[in-house]
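**Q** Here you go, sequence then predicted model.
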Amino acid sequence: MRSELPSIAAKPLRAPGLSVDMAVRLFNAGLDYIDEKETVHPYLAEATPKLNTDSWRVFPDGRMETTYQIKQSLTWHDGAPLSAEDWAFAYRVYSTDDLGQAQSVPNGYMEDVLAPDSRTLIIKWKQLHPGAESLGSTMGGTGRIFQALPRHVLEQSFQQGQWEAFMAHPFWSSEYVGLGPFRLDRWEPGSFIEGTAFEGHALGRAKIDKVRVFFMGDPNVVLASILAGEVHAAVDNALNYEQAAVAEREWTARNGGGRALYSPSQYRSTEVQFRPEYSNPPELRDVRVRQAILHAMDRHLLNETLLGGKGLVVDSLISSLVSYFPQVDRVIKKYPYDTQRTERLLLEAGLVKGPDGTMLRTNGERFAPEIWAITGGINDAELQILVDGFRRVGIDAQPKVLPFAIFPDRKARSLFPALSVTGGGGSESGFVVLRSAPPSPANEFLGGGGRGNWSNAEFDVFADAFQTTLDRSERTQKVVEMARIFNAELPNLPHYFNVRVTAFVSDLEGPYLATNPEAGSDAWNVHLWHWRS
């Protein structure tokens, strides 16, 4: 995988800041899991809660209660019995303000967690929360997970109340004890993690006996290693499309040897700055200008050039692969590549075409918005293609490439003056992010919302209702309305869904093509992966 993790916990106290799907899945198990068809299955629990039954009760005051029965005779990797009390203890940990997860999803929605006996788990909810349906999947990020924590390992340290010492406990790193298909044997910092198949795994012993997860930050090193047979699979964005295409060509020349799968994942877009004190040029706050810029983006060219056509060009945050996409497609405004339309919209917004074809502002200055991107991956090439396209239609875009070291600095990344090329969560989760409090001085730029600070009262009504509506069909209608408003207002400008590459040798059977960005983890079935006989 691309980078070493600070922790392989399913819900670490410190967010890893990168995709960790496979490493988390190898060593962890939750109450449930989601398969490639978006179906929720019980995992450590006997069954998942069903709405309007004794397992999922909704009360007149808007609170809820979900109940689980934990499977019999389950143990932690070190052999200690798993108990419902391990979830109740986890709730106490994650609800501790000083540990930084108290308001995270789903913990922020919980009122209490009870364990009346060793196998009965009761979660009391402060409010309606449809995410209660699935608390064990990494879909949409590790923040959704409610994982059990081993009391026998952590409780003494927790009771001491020394929070820095608790966060530094070796459980969170080299001495992790989990419930997944593999137990941690060895962690060589900066090099690799080793695990052995766990005999007590709730879904049965993994079919592969041992795993070693290497940390390789250079995709060219990963490419050389997998072609040489030194590694058997590249996961979690260890390979970019460019290197995966080279591997495929090499394997074809050898008449076999491996395969690469391309799953739509990260939503790529250009964010727009809406803060009046930073927005420059201010014309960007005119929706006609945003529409013009999107019409000037040849998104199919981006897909073909950067991803060999394997990405998924989109008109909104919602992927065309989700089941309800036709409902979204009927209501959204679309902005196909059309340079003539770009020019007309800019003129309607008050810009003037100069003698050399460059668009001018009313004060005679060139319309020259800065467009930012953090260096690395496909960002540099994507930025250049966008800038070239804008300049051809008279938008004198000014590229600014930022060093990768700025990535964790949310304040610096939030204060772009005009446009910022970025990747992030698409689909339903992307709409929820737009409703969240944006990074700002008030929250020390740690907010979870869009960095451009866009807001819309009508959108917020549907976003709030989406997060508290339990009926799936009603939730879909809220998504449709959010998509309608998003495409009319264009708080950011959609490009495409990037691809997540999983490349593996032909002797390995089990990895599958995840075609839906809203489906479960690519690694949900890793316990079934096996060597061809």
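**A** Received it, and whenever you're ready, just let me know what you need. Treat the numbers as computed from the prediction; the structure is a model and nothing was measured. Numbers count the residues shown, from 1 in each chain.

**Q** show me what contacts the residue nearest to Leu312 when sequence neighbours are not counted?
**A** Leaving aside its sequence neighbours, Leu312 sits nearest to Phe497 (CB to CB, 6 or more residues apart in numbering; 4.1 Å). Where C-beta positions appear, they are placed from N, C-alpha and C, glycine not excepted. By CB atoms under 8 Å, 6 or more residues apart in numbering, the residues touching Phe497 are Pro264, Ser265, Gln266, Tyr267, Arg268, Gly311, Leu312, Val314, Ser319, Gly426, Pro517.

**Q** Point out the least confident one among these.
**A** Here the lowest pLDDT out of those sits on Pro517, with 61.

**Q** List only those of the contacts of Phe497 flagged as buried.
**A** Using 16 or more other CB atoms under 10 Å as the burial test, these include Pro264, Ser265, Gln266, Tyr267, Arg268, Gly311, Leu312, Val314, Ser319, Gly426, Pro517 as buried.

**Q** Name the nearest of these relative to Ala88.
**A** Closest approach between the buried ones among the contacts of Phe497 and Ala88, by CB to CB: Pro517, at 33.6 Å.

**Q** Tell me where this structure is predicted with low confidence.
**A** When residues are selected by pLDDT under 70, those of the chain lie in 15-20, 137-143, 436-440, 442-449, 515-521.

**Q** in the lengthiest helix in it, what's buried?
**A** Ranked by residue count, the top helix of the chain under DSSP state H comes out as helix 472-489. By 16+ other CB under 10 Å, the buried positions in helix 472-489 come out as 475-487, 489.

**Q** now stretch 178-188
**A** Judged by neighbour count (16+ other CB under 10 Å), stretch 178-188 contains these buried residues: Gly178, Leu179, Gly180, Pro181, Phe182, Arg183, Leu184, Trp187.

**Q** Closest one of the residues you listed to Arg344?
**A** Set against Arg344, the nearest of the buried residues of stretch 178-188 by CB to CB is Gly180 (56.4 Å).

**Q** what about the strands in the stretch 101-250 of the chain?
**A** 110-117, 120-125, 182-188, 192-197, 210-214, 233-234 (DSSP state E, counting those that start in this stretch).

**Q** Out of those, which is the most enclosed?
**A** For those, the largest average neighbour count (mean count of other CB atoms under 10 Å) is found in strand 233-234, namely a mean of 24.

**Q** quick one: that strand to chain centroid distance?
**A** Centre-to-centre, strand 233-234 and its host chain are 20 Å apart (CA atoms, centre = their mean, to the nearest Å).

**Q** Give me the packing partners of that strand, helices and strands only.
**A** In terms of contacts (3 or more CB pairs under 8 Å, 6 or more residues apart in numbering; DSSP states H and E), strand 233-234 is packed against helix 219-227, strand 492-505.

**Q** Direction included, what does it pair against?
**A** Taking DSSP bridges as the criterion, strand 233-234 forms sheet pairs with strand 492-505 (antiparallel).

**Q** could I get the partner strand in CSV with only the CA atoms?
**A** The C-alpha trace of strand 492-505 is given here as CSV (Å, rounded to 0.1, in the frame of the first residue of the first chain):
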residue,chain,number,x,y,z
ASN,A,492,-18.0,23.2,-7.2
LEU,A,493,-17.5,22.2,-10.8
PRO,A,494,-17.7,18.4,-11.4
HIS,A,495,-15.0,16.6,-13.4
TYR,A,496,-15.2,12.9,-13.1
PHE,A,497,-14.7,10.0,-10.6
ASN,A,498,-11.1,9.0,-10.5
VAL,A,499,-10.3,5.2,-10.5
ARG,A,500,-8.9,3.2,-7.6
VAL,A,501,-6.6,0.6,-9.0
THR,A,502,-6.3,-3.0,-7.6
ALA,A,503,-3.6,-4.9,-9.4
PHE,A,504,-2.8,-8.5,-8.6
VAL,A,505,-1.0,-11.5,-10.0
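
**Q** That strand to helix 219-227, inter-axis angle?
**A** Using axes from the mean of the first three to the mean of the last three CA atoms, to 10 degrees, the inter-axis angle of strand 492-505 relative to helix 219-227 is 30 degrees.

**Q** Could you pull out the helices in the stretch 351-500 of the chain for me?
**A** 379-392, 410-414, 427-435, 457-466, 472-489 (DSSP state H, counting those that start in this stretch).

**Q** Now the residue of the chain positioned farthest from its centre: phi and psi?
**A** The C-alpha centroid of the chain is most remote from Pro355, which lies 45.7 Å away (CA atoms, centre = their mean). Backbone geometry at Pro355, expressed as degrees, to the nearest 10, gives phi -60, psi -30.
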